[in-house]
Structure formats: C-alpha cells, structure tokens
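Peer 1: Quick check, what structure comes out for this input:
(chains A and B)
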Amino acid sequence: MGKQKPSVREVHHSHSPKRSLWWFFLVATCIKVLLFPSYRSTDFEVHRNWLALTHSLPLSQWYFDETSPWTLDYPPFFAYFERFLSIFANLIDPQIQKLIWSLIVWSPMLFIVDHVHFQYNGFLIGILLISLSYLEEGRDLLGGFVFAVLLCFKHLFAVAAPVYFVYLLRHYCWGGMIRGFSRLLIMGGVVTAVFASAFGPFFHLGQIQQVIQRLFPFGRGICHAYWAPNFWVFYIMSDKGLAFIFRKLGFSIQTPTASFTAGLVGDSSPFSVLPQITPFVTFIMVLLALSPCLFKAWKNPQPQMISRWIAYAYTCGFLFGWHVHEKASLHFVIPLAIVAAQTLEDARHYFLLSIVSCYSIFPLLFEAQEYPIKVLLLLLHSILMWSGFSAQFYDGTEGNSGATMKKGFVIGWVERIYLIGLVVIEIWGQILHPLLLGDKFAFAPLMLISIYCAFGIMYSWIWQLVYIVKSL
Amino acid sequence: MGKGKKVKDTPSDDDCWWWLVQKGTTAVFITVGLFALLVRAAVSLHPYSGAGNPPKFGDYEAQRHWMEITINLPVREWYRNSTRNDLSYWGLDYPPLTAYQSFIHGLFLRFFHPDSVALFTSRGHESYLGKLLMRWTVLSSDALIFFPAVLYFIIVHYNQSSRSRKSELAWHIAMLLLHPCLILIDHGHFQFNCISLGFTVGAIAAILSGKDFVASVLYCLALNHKQMSAYFAPAFFSYLLGKCLRRKHPILEVLKLGLVVLGTFAVVWWPYLYSTHSILEVLSRLAPFERGLFEDYVANFWCASSVLIKWKRLFTTESLKLISFTATVITCLPSMVQQIKSPSSRGFLYALLNSSFSFYLFSFQVHEKSILLPLLPATLLAIEEPFMFRWFTQFAMLSMFPLICRDNLVVPYLALHALFVLIPNAPGQHRIKESNYFVSYLGSATMHLVLCCYFVLHIVYLTMHPPEKYPFLFEAIIMNLCFSQFVLVTLGCNIKQWLLNKPVKLEEIEKKLI
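Peer 2: Modelled structure (predicted):
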C-alpha cells in the first residue's frame, strides 16, 4: 500500500488501511453468502445459458461480447478496487478511504443488482474504476487500454467514449506534431488491437453484421417495461397529459397502436401528440448533453476531474438514452462515490442521489421474501452515509462568533421533504394502493416510483452540469 | 479554525469507529440493530427445521401447529388431549405465555393466509407465503422484545461501569445482537427463544439498575414463556435473597417479592386456575420425564459419561431424576452461596452463568439448543471475559453443528461464524487486556491442539461417513470435546465468582495463583 502521509490529525496508525479494507470486504462477503437462496431474476438464467452456450458450442456460434466466463465477481472486483485505492493512498486521508470503500462495497445497489437479481456489474464497474485510476494517476495509455477492454465486455460503457476520446486526445496526444502524432498512433494501435482480438474471430467468420444487430437491439422500445427514471418519463407523461387535455377540449386524438416498450412498429408512433422519438434523436440528445463536458475536457484536461466527467457522461446516457434499464444508474452512482467526500456539497449531492437511485431499483426485487432485506440495506446505507459524512464534515465553530459558520453535514429542507416523499410513495405502493384500489391501475405504483425518482435524477444531472461548467 | 482541534479531540489510535460512535449510544444501537436485522432477514431465506420432511417435520411445524390449535380451540382445551387436539402430534409443552404468543401470531397468519392455520387440514402445511409469515413473526418478536431489552441492558451497564469506552459499547452491542447461535436457532432452525431470552435480559438489566420488582415480573414472564428459563432461577433467587437479607426487614422484603412473583404467575395462568386438575394438566406437559435422561447427543455430563457408564441401563428413570437433581443442586450451590453472602452486580452475572451451566451439564432431558441459556450471561460478560466468551461460543457452535447439518443450514453457519470472528477483529479495535487463564493454566500448545481438533471435526463431520458399527461416532466425539471445554469454562467462572469476594484486585490474585 502507498505510504501514509503523516499528518497532525492521526496520532497513531496502529492499523493498516489495507487491513480495514479487507475487513469491510469480508463482512460484505458474509452477507452476500447469506443471500444465496434469494430470488434470482431471469438474468440468472440468461447468464447460465451463456455459460452453457460458450462451453458447449464452437466459436462460430456464439457472440463473444455477451458472454461472461467468470463465476464470482467479487475477487476480481476487490483486487481492482484495492489497486484503485492504492493510488489515493498518498492523497487521501485513510479515514476517507475507508468511507469511500464502505460506500462502494456496501452500496445496496450492487448488493441488490449483482447478488440477488444477478448480474456481473461489480466486476465491470471494477474495470471502469481501474481505468479511471490509471487516468487520475496520469497513465493515460493504460487507462485507454483498460477502457477498450471494458467496451468489449459491455458496450453500454461506450457512452463515455466521447469523453475518453477528447480527454486522451488533449492530454496524451498533445504537445507538438511528432510527439502528439506518434502517441495518437500508439493509442489508436492499442485500442484497435483490443477490438481486433475481441471481434476478430467474428469478422473472420463473416458474422459481424449479426453481432452488431445483437449488440444494438433498437427493435426494442424507448422504454423498458419498468420505466427507468429518466427524461423520457417526463416526455411520455407530457404526451399523455396533453392528449388528455386536447381530448377534453374537443380535438380528436387517436390512441396510438404502438406501445412504448414494444418498439417501432413500422411508421406508427407510440406518442399521440408530441413528435416521435427515434434512436437517432436520443443519440443526438445525449451528445448535446455531453457537449459542455467535452468542451471543458478539451479546454483543460486535468486528471482530477476525470471521475466527475465520466460520471456525468453516464448520467447523460442514462437520462437521454434509448431503452435504458434502471440498473444503468449504477454506472454513475459508483464513480461519484469517489468524489463524494471531497466537499460538503458533494456529500449532500451524493447522499440524495444514492438513496434515490437505490430506491428506483427496488422494483427489481418484487418478491415479499426480499422486501425486508432491500429496505434494511437502504436504511443501513443511509445511516452509514449520514454518520460517515457527519464525521467527515464535523463543524467546530465554537468560539468563532460571526466568522465563517461552516455547517456540519445537514441536508436542506427541500431534500428532506423529497426523501420523506420517497417513504410516502413506498407506503402508498405497498399498503394503501392494494387496500384502496385493489387491482385497478396496477401499473400506477411503479409509474409513481419512476416519475418521482426521475425528478431526483434530473436534479443530480443539473447539479453535475453546473459543477462542471463552473469548474476551471 | 476551531475545526482542526475539535475534530481530532476524539481518541485517535484505536477509535476508527468514532465517526459512528460519536453520535451516542442510541445511534450506535440503531445502526448495529439494522445490520443485525439485515443478517436475520438474510438467514430467514434459508431452510427451517424439518423442511420437506413428513410425517413429523420439525420445530417449524410444531410452532405452526400451536398457532393452529390456539386460534381454533378454546383456552381450556389447549393442553388437554381430545379428538381435536391430539397431544401426540406436537402437543403444547411450554407454559401458557407461549400459547398466548402462538395465539397472536396465529391471528396474524390467519389474516393473510388462512389455509396455513386451518384446523386439521393445515398439518404439514408448507408454502412460500406461510414460511414468509412465520419468519416475520420471529423477526418481529425479536425486534420488539429482544432488541429493546438489549438496549436497556447496555444503557444500564455502561452507566455504571467505570470503563465505559464508547468503542467497547459498540462491540458489545454487536456481540449481543449478532450472536450466531441465537440467530441460527431462532431464524434458521425456527424457534422463539428471543422472547424468553429478551425478558430475561430485561430482568437482568432491571436488577442491575436496582429495580427488583420489575426484574421479578420480567423474569416470571420469561419463566412462563419457556420453563427452561428456570436454569437462571438459582441466580435470581440467591441474589435477591442476599439483597433482602441486607435490608432492614428481610422477611418483609422476601414476602413482597414473593407476592409479586405469585401475582405474575396468577395473571398468566388465570384461565387454568379454576381447578387443580387443570393446573396439573398443564404442568404434566411441561415436564416430560418419560422422555428419558437425554435425547440425541448433547454436550452434557450424562451424555458424555454414557460412553463409560450406561446410565439408562443401570438406573430407572425415577432414580435418575433424583441423581440428576442432586448433581445439579450440588454444582449450583457454591455460586448461590456466594451471592447470598455478598450480592453484587458483577457477581450476579457470573452467578447466572454458573447456575445455567450447572443445569445444562447435569439436568434431566437437556437439548443441545439449551446451550443458548448459558450463552446469554456469557455474552453479557463479553467485555469482562472476552477470551472465555469467544472460546465458549466457538464450542457452543460446534455442539450445535450436527443439528445445523440436519437442517441444511451449513451455509448460514459458516457465514455467521465468519462474521463472529471478524467483528472482534474490526480494524483499530482496542485490544482489551484479556485474562487468558486457559493458556496460563493449560499452556498454549494445548489450546492450539484443541483448536486444531475443532477445525478438523467440522470438516470430518461434513465430508466423511461414520463406520457402520458406530453410526454416531462423530457426534459422540464432538459432544465429548465440547463437554470438556464447557467444564473448563464452568470451573473458571465459578472460581472467578468466588474471587470477587476478596477485596483485592483480581489481577493480583491471578498472579499469586500462577
């Protein structure tokens, strides 16, 4: 582990940070082991199917990028994260390290999505964090390499590719004709090599068309069956709302035959009033949303901001993308945990965002057996965050009259009301709705959750955007 | 700025948990409590006793059957054999408070899932919703009774104790709420020990804070929930008697306490007080002597020595009853005498441990689950006796291992055991000065040898098959090993309790003995 900077604050280091990281990790592992017999979604079957597929069929019959030949994700994840944090050993107070570590390892979202619902996000996000750590260290070539590998695992991560491209171009491949150009060649070569080793066999077999089709199933609708809390939720609601108003006013509005989730059926649009949205439109919107960030990255490519930029990129992808799953919120919440402890504002923002995005994936676990577990995970996470951040930003303004009153970790009134609203929605969905309305409008509780969380995520996006624009 | 000084005012080297602990006892308790509930909820996902195992199933079916009986039959018939209540199929064999608790839970189950508690037709009923509801009854009982009792104890204990370091407090709460044996039995195997143990902890806390009447009421409630709580009776009795004798009018004090006890019993047994016959009906269910000296393999004296002395063959049940009673009383007498002579809070905790141990080791018809009873005072003493507590818990876990394997709960066993090992070794945990008398008396080589056997036995039991001639060989070895360790722990604690009388400091005594 890196050397600890002796500071006035710590008198002893009778424990090593490495040991405490191991400790957190092992405790989390115990809980994950206990969760073995819990609900498994169809994803489990999907992954199992892929394992069987790749094991039994020859290469010509499987599609590389959708298989994951790993069985347990936490050992590699842990190794990656340990490497990642070792970078920060010189820079961050070990207390913060522990905080970040516990925030991530104990992220209830990872628990719920990976270990109950079943996916391999932990492993993949670990790779993302490795890439970020290399970039923050200044080892751009390695960072780019790891990111290329990541893309070959899950192309969803490509949303941050523009940021990577601009940053690496400006930071790595800059500074003089010869040097810049040669570095560009090197970087390009590395990335191409990675892609070639991944996609090469399929090129050879002439199946690349099929692979691309499988990778980008735009035959699906703009939303998943359960609407991810993104911008399109508002768009759809406004569409329905306007249609309702116009009908009342006497205009004849046809109810659309297409549905939001099933995909583009010929020319018919699922929207009654507002213009239709195609995958291309979403692509443009994501790029537009990304542009301030790209501009900043071009102007001043500094390594410390890279985590924020990448998190922002994934936020934009989440908000404006096509057929986004609610699980995708993992991609920006986890990287934000790294910078969450830097300032009070960051902490407040992260506190809110983490709770909202965790709550938004509650519908993934709909069986009653897991209900106490997911609620307790979220509550525990909230309390730990609260305590951790409070301790971090302890206010010691005694004896300072009038001078800068630095408040401790306190959330504003708006945020408090919003969080209480979450509890209200949960009570409505679980108890009051079945009690009062029975089976009518069965979609309403889920819709409520989507819309309510979408407000929170939009707020996070705006907050991040403002921060990036205001930064140097 | 003031910030720099104030922030690091906290204890530095060992308190890496200060960010949690600085918010106060209740905050720590809530955090640890939430984590403990999470662990319980996770263990609840696993199988229960007798799952999928007709015709008799196991403790889960027994509890469900009691709910069925209590909500479908009038109170007077609960303990009576009749066509509607066949006592040979899991008849009620706990006192009335368990019956009332089953009644309330039965109402809860009937509201959501009536099929699971319908008279007769629900026998052997196993379903997803049924299991969920049953698990939630245990979870709620735990959260409503055991957790507040622990909070009460912690507040009282740490108000009085001079070394009230905040980080120890957090650790102690974690040990109490995350004890693997209790979680595995209550939320895995399926039982309601949390209620009687919760009342007992409440009674102990009341005693420590000087409220004797409250303590008596709570302890009587615990007794009326599970008669096994009587394992603690000598300690309560001798401590309270000792205190009464030191007051101005001892007879009056004793009478007052006696009235409180009788009153509590009268309230609980009210529906059965209309005739001696009905009282005897209930009592006969509580003491099933016909089941013999011991059932299965349990780490107590009779079972361990039955390798050499075949008690069941040499003596009749009647004489065995007398022998075990005498043995229990004799082994329990020293600690009782010490408390009557000089009652003290700390001595009381040791007395609880000693009396429950003497009952466990020498009493009639002891089950391996009864190890939970001595474990409770051991956990309460975890700060004063950390090594003893850890050592004892490990062997208590081992003694329960065959039961765990029968219930297919090996995965939670391993996970909880790992947690139990991890928590005391939390980073930066201040190493409390331990009086490891085991090592000082027997040597560290013996200790390592015993630990080796401990690990090997786990693996052997899981992987190997016993020889045809001795199908219970492994259980016997496990029980004998555990018994030996339990005897050592009991002896050590008895000695400790007697040493409390001496006004000199404990450490000096030990130095003299060595």
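
Peer 1: From the contact counts, what lies against the top helix by length along chain B?
Peer 2: When chain B is parsed with DSSP state H, its longest helix is helix B:473-499. Applying 3 or more CB pairs under 8 Å, 6 or more residues apart in numbering or on different chains; DSSP states H and E, one finds that helix B:473-499 makes contact with helix B:301-305, helix B:317-341, helix B:345-362, helix B:386-406, helix B:437-442, helix B:444-463, helix B:506-513. For every residue, glycine as well, the C-beta is placed using N, CA and C.

Peer 1: what's the average pLDDT for it?
Peer 2: Averaging pLDDT along helix B:473-499 yields 90.

Peer 1: go on, stretch B:267-282?
Peer 2: 88.

Peer 1: Was I right to think residue B:335 contacts residue B:232?
Peer 2: No - if you go by CB atoms under 8 Å, residue B:335 and residue B:232 don't touch, sitting 11.4 Å apart.

Peer 1: Give the residues shared as contacts by these two.
Peer 2: With contacts taken as CB atoms under 8 Å, 6 or more residues apart in numbering or on different chains, residue B:335 and residue B:232 have residue B:355 as neighbours in common.

Peer 1: quick one: low-confidence ranges for chain B?
Peer 2: Low-confidence segments of chain B (pLDDT under 70): B:1-23, B:161-166, B:427-442, B:502-514.

Peer 1: count of neighbours near residue B:468?
Peer 2: The number of residues packed around residue B:468, counting by other CB atoms under 10 Å in any protein chain shown, is 6.

Peer 1: no, scratch that, I was asking about residue B:77
Peer 2: Using other CB under 10 Å, residue B:77 has 14 other residues around it.

Peer 1: Now for it: which residues touch it?
Peer 2: For residue B:77, the contacting residues are B:84, B:85, by CB under 8 Å, 6+ apart.

Peer 1: repeat that with 7 Å
Peer 2: Residue B:77 makes contact with residue B:85, according to CB atoms under 7 Å, 6 or more residues apart in numbering or on different chains.

Peer 1: State the distance from it to chain A.
Peer 2: 34 Å (CB to the nearest CB, to the nearest Å).

Peer 1: Quick one: residues contacting the residue in the stretch 51-200 of chain B that chain A sits nearest to.
Peer 2: In the stretch 51-200 of chain B, no residue comes nearer to chain A than residue B:132, which is 5.5 Å away by CB to the nearest CB. Neighbouring residues of residue B:132 by CB under 7 Å, 6+ apart: A:368, A:369.

Peer 1: Keeping just the C-alphas, turn the strand or helix carrying it into PDB.
Peer 2: Following DSSP states H and E, one finds residue B:132 within helix B:128-141. Provided in PDB are the C-alpha atoms of helix B:128-141 (Å, rounded to 0.1, in the frame of the first residue of the first chain):
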ATOM      1  CA  TYR B 128     -43.900 -19.700   0.300                       C
ATOM      2  CA  LEU B 129     -46.300 -17.300   1.900                       C
ATOM      3  CA  GLY B 130     -46.600 -19.500   5.100                       C
ATOM      4  CA  LYS B 131     -42.800 -19.500   5.500                       C
ATOM      5  CA  LEU B 132     -42.600 -15.800   4.900                       C
ATOM      6  CA  LEU B 133     -45.300 -15.000   7.500                       C
ATOM      7  CA  MET B 134     -43.800 -17.400  10.100                       C
ATOM      8  CA  ARG B 135     -40.300 -15.900   9.600                       C
ATOM      9  CA  TRP B 136     -41.800 -12.400  10.100                       C
ATOM     10  CA  THR B 137     -43.400 -13.400  13.400                       C
ATOM     11  CA  VAL B 138     -39.900 -14.400  14.700                       C
ATOM     12  CA  LEU B 139     -38.400 -11.200  13.200                       C
ATOM     13  CA  SER B 140     -41.000  -9.000  14.800                       C
ATOM     14  CA  SER B 141     -40.800 -10.800  18.200                       C
END
